[in-house]
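Asker: make a model of this:
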Amino acid sequence: MPSTPSKTLETFPNPDPNRDYTIRIRIPEFTCLCPKTGQPDFAELLLEYVPDQRCVELKSLKNYIWSYRNEGAFHEAVTNRILSDLAAATEPRFMRLTAAFNVRGGIYTTVIAEHRAAGWQALPPVTLP
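Answerer: Residues are numbered from 1 along each chain as shown. Below is the predicted model of the structure:
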């Protein structure tokens, strides 16, 4: 059965919920429409998160991202909406979404939005010799 766009985000249990670790997902083909002109906007999304009890399932993420293809949205609004939906579905310890939009009228836009669970703090960085 072929895939279709969907706003449903599926999750699966974190295989190691006792450890802080980072998942990075690069999405190089995000598209939506400019709400002013209706022309397509293209972006590369970088999702980084430290899961708690659930991780996002990749096929559902692909179909979720695809669902924006024909929607008009300002860059700031769509970035924050995607982050909010992903954070609601997975309830991560930490999540960051970076949306680097391609040039439009001589201007590049990058929007970075973050979610942090109450009380969670990142471990200090490790410096190796």
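Asker: from the chain's centroid, how far away is stretch 5-25?
Answerer: 12 Å (C-alpha atoms, centre = their mean, to the nearest Å).
Asker: low-confidence ranges in this protein?
Answerer: Confidence mapping of the chain against pLDDT under 70 gives the ranges 1.
Asker: list the buried residues of the longest helix seen in it.
Answerer: Ranked by residue count under DSSP state H, the longest helix found in the chain is helix 75-90. Using 16 or more other C-beta atoms under 10 Å as the test for burial, helix 75-90 gives 75, 78-80, 82-83, 86-87, 89-90. C-betas here are computed from N, CA, C, even on glycine.
Asker: now the helices for this structure?
Answerer: With DSSP H as the criterion, the chain has helices spanning 58-66, 75-90.
Asker: E29: what's it in contact with?
Answerer: Listed by C-beta atoms under 8 Å, 6 or more residues apart in numbering, the contact set of E29 reads 42, 44.
Asker: when you give positions from now on, start the count at 156
Answerer: Shifting the count to begin at 156 puts that one at E184.
Asker: measure it to Q194 for me?
Answerer: 17 Å (C-beta to C-beta, to the nearest Å).
Asker: and for I262?
Answerer: Going from I262 to Q194 by C-beta to C-beta gives 14 Å.
Asker: how many residues are close by I267?
Answerer: Neighbourhood size, I267 [other C-beta atoms under 10 Å]: 12.
Asker: I'd say it and A255 touch.
Answerer: No: at 9.3 Å, I267 does not count as touching A255 under the criterion of C-beta atoms under 8 Å.
Asker: overlap in contacts, the two.
Answerer: Common neighbours of I267 and A255 are not found (criterion: C-beta under 8 Å, 6+ apart).
Asker: partners of L200 in the sheet?
Answerer: I182, A254 (DSSP bridges).
Asker: picking up where we left off before, now, among the buried residues of helix 230-245, which is nearest to S161?
Answerer: For the buried residues of helix 230-245, the closest approach to S161 (C-beta to C-beta) belongs to A244, at 12.4 Å.
Asker: skip the chain neighbours and tell me the closest residue to that closest one.
Answerer: L164 (4.0 Å; C-beta to C-beta, 6 or more residues apart in numbering).
Asker: cheers, nothing more for now.
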